[in-house]
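Visitor: sequence and predicted structure, then a few things I'm wondering about:
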Amino acid sequence: MESQAEITFLGTGTSIGVPVIGCDCAVCTSDDPKNKRLRSSIHVATPEVSLVVDTGPDFRQQCLREGIRHLDAALFTHAHSDHIMGFDDLRRFTVRNDEQLEIYANAECLDRLHAAFHYIFNGENRYHGYLKIVPHPIHGPFAVGDLTITPLPVTHGKVETMGFLFARGETRLFAYIPDAKVVSEEAKALLHGIDLLLLDGLQPEPHWTHLSIDEAVALAGELAAGCTWLTHFSCRVDYKTIAPTLPDNVFLAWDGLRLQC
C-alpha cells in the first residue's frame, strides 16, 4: 500500500544537543553519526501538506540538510527554548507579501512566542522577506490540509505540554510525544493500539521531567504500540550500546531518519 505520510526526524537530541559543549564523554567524542543530535523536531509530509513540529535553535540547519523548501504550518508542543527559538527562521517560508504560515500551539506557548518575537505578532511586519503568521490556539482536534491532528496532554516539568496524534480520514497514522514524564489517561486511550509511536526516551537513568528509556519501553508495551521509535536523547545514550538491548519493536531514532506510514 502506498504510504500516506513521510516523517523526517530533523533532530533527536535533548535541549543542549549532542555533542554537549565541554563534555568529553564517549558519546560526545564518538565518530558515530547516530550519536550526533540536533534539537528535537520532525517534518511531516503528505500528498497535500508539509509541516514541522517545533522549531528549535537548529531549525535553519535542519531545513537546509533535508532540503525543506515549503511549509504550510508549524506546530508547537511547548515553549521551552529548544523547541521554539528557531521561530524567526520560518520567515523563508513566507517570502512574498501575500504568503502566511499557519501556527498552532496552546495559549501558554503562543504567549511565550509573542513575548520573544513580538515584532512578528504585532501585525506590522507584513513585508517581503519577513515572517507573516496566522496563529491558532489549540483547544482540541484541528485540521491541516488532509491531516487531522489531535493534541495529547502530557506532563513535562511545570510547563503545559502536548504531543500530537496524526490521522488521515479514519486512519491513525502516528503519534509524536517528544517531551513527557507522564502521559495522561486521556492520551493513552487515544493511543492504544497505535501502529507507529514516536516517543521521548531521554536516557537510561530516571529523570524528573522526561521518560527514561525503560519507562518509554514500558509505556509502549502498555499502549500495545505496533512500532515505537524513541527520540530526544541526552549524551547518556550511545546508539551502538543501547539499540541492541531494546525489544524487537522499539528502536532509537537518529537525525535524518525517514519513516513512511
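Guide: Sure, I can see it. Just so we're clear, the structure is a prediction, and the values are computed from it rather than from any experiment.

Visitor: and the spatially most central residue of the chain, how far from residue 126?
Guide: The C-alpha lying nearest the average C-alpha coordinate of the chain belongs to residue 41 (CA atoms, centre = their mean; 3.7 Å). Distance from residue 41 to residue 126, counting by CB to CB, to the nearest Å: 27 Å. All C-beta spots, glycine's among them, are computed from the backbone N, C-alpha and C.

Visitor: pretty sure the residue nearest to the centre of the chain sits against residue 55.
Guide: Yes. Using CB atoms under 8 Å, residue 41 is in contact with residue 55, at 6.7 Å.

Visitor: spit out the residues that contact these two alike.
Guide: Residues within reach of residue 41 and of residue 55 at once, by CB atoms under 8 Å, 6 or more residues apart in numbering, are residue 83.

Visitor: can you pull the contacts of the nearest residue to residue 85 once chain neighbours are set aside?
Guide: Distances taken as CB to CB, 6 or more residues apart in numbering put residue 57 closest to residue 85, at 4.5 Å, once the chain neighbours are dropped. Neighbouring residues of residue 57 by CB under 8 Å, 6+ apart: 39, 81, 82, 85, 86.

Visitor: can we see that at 7 Å?
Guide: 39, 82, 85, 86 (CB atoms under 7 Å, 6 or more residues apart in numbering).

Visitor: helix or strand: which one has the second one?
Guide: Right, the one you point to is residue 82. Assigned by DSSP states H and E, residue 82 belongs to helix 81-84.

Visitor: now the helices for the stretch 51-200 of the chain?
Guide: 59-66, 81-84, 107-116, 118-121, 185-191 (DSSP state H, counting those that start in this stretch).

Visitor: which residues touch the last one?
Guide: Residues external to helix 185-191 that are found in contact with it (CB under 7 Å, 6+ apart): 150, 152, 153, 154, 163, 165, 175, 197, 223.

Visitor: of those residues - the most surrounded one?
Guide: Within these, neighbour counts (other CB atoms under 10 Å) peak at residue 163, which reaches 28 neighbours.

Visitor: which strand residues bridge the nearest residue to that residue once chain neighbours are set aside?
Guide: Of all residues not flanking residue 163 in the chain, residue 177 sits nearest, at 3.2 Å (CB to CB, 6+ apart). Taking DSSP bridges as the rule, residue 177 bridges to residue 199.

Visitor: ok, back up a step: most neighbours of all the contacts of residue 57, which one?
Guide: residue 39 (30 neighbours).

Visitor: so what's that one closest to, chain neighbours aside?
Guide: Beyond its immediate neighbours in the sequence, the residue positioned closest to residue 39 (CB to CB, 6+ apart) is residue 56, lying 3.4 Å away.

Visitor: from residue 124, how far out is the one you found?
Guide: 26 Å.

Visitor: quick one: residues contacting the residue nearest to the centre of the chain.
Guide: By CB under 7 Å, 6+ apart, the neighbours of residue 41 are 10, 11, 52, 53, 54, 55, 56, 59, 62.
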